[in-house]
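Participant: Sequence and predicted structure are below.
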Amino acid sequence: MTKGAGEFTVTCVACPVGCEVTVSGGDEVRGNRCDRGREYALLEHRDPRRILTSTVRTTCPDLPLLPVRTDRPIPKRLLFEAAKLLATECISPPVKAGDVVVRDILGTGASAVATDDLF
Ligand code: SF4
């Protein structure tokens, strides 16, 4: 992803073709071969979001760290702060994969869900 001279260029990852898509002048998009690339580039330019994958501590000696991920993408600018928040959590069994372990992370509406069981 590059920015410069009022332009923003990103590699579209919506399919394996990997078009280099450039946004300029706010709404002008070029380099995309389809509408998905336009939507992807505009979103990456205006409000980039990512799924956060991390771990939370547990009280279980056999599995001291439980892998979790957010149930939806969160603003990229909040990833570090959200990871720090998850690092302060400590959960106890039982937890099943898919259970919510932290709700509404930093007011994003996204929850952290377990990706493994903890029994
Ligand atoms: S713009 Fe369309 S064709 Fe190009 S990488 Fe994105 S989805 Fe694929």
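Facilitator: Yep, that arrived.

Participant: Of all the residues in this structure, which one is nearest the ligand?
Facilitator: Of all residues in the chain, the one sitting closest to the ligand is residue 37 (2.2 Å; Cβ to the nearest ligand atom). Quick note: C-beta positions are derived from backbone N, CA and C, even for glycine.

Participant: which residues touch that residue?
Facilitator: By Cβ atoms under 8 Å, 6 or more residues apart in numbering, residue 37 lies in contact with 12, 14, 19, 21, 29, 31.

Participant: Close to the ligand as well: tell me which of these qualify.
Facilitator: 12, 14, 19 (Cβ under 6 Å from any ligand atom).

Participant: still on that earlier bit, closest to residue 69 out of the contacts of residue 37?
Facilitator: Distances from residue 69 to the contacts of residue 37, taken as Cβ to Cβ, are shortest for residue 14 (20.3 Å).

Participant: Would you agree that closest one is in contact with residue 41?
Facilitator: No - using Cβ atoms under 8 Å, residue 14 is not in contact with residue 41; the gap is 9.6 Å.

Participant: In terms of pLDDT, where does residue 114 sit?
Facilitator: In this prediction, residue 114 carries a pLDDT score of 98.

Participant: for this protein, what spans make up the strands?
Facilitator: With strands called from DSSP state E, the chain shows them at 2-4, 7-11, 20-24, 28-30, 49-50, 53-58, 65-70, 74-75, 90-91, 100-102, 112-114.

Participant: what's the angle between the lengthiest helix in the chain and strand 7-11?
Facilitator: For the chain, the longest helix by residue count, based on DSSP state H, is helix 35-46. On the basis of axes from the mean of the first three to the mean of the last three Cα atoms, to 10 degrees, helix 35-46 is oriented at 120 degrees to strand 7-11.
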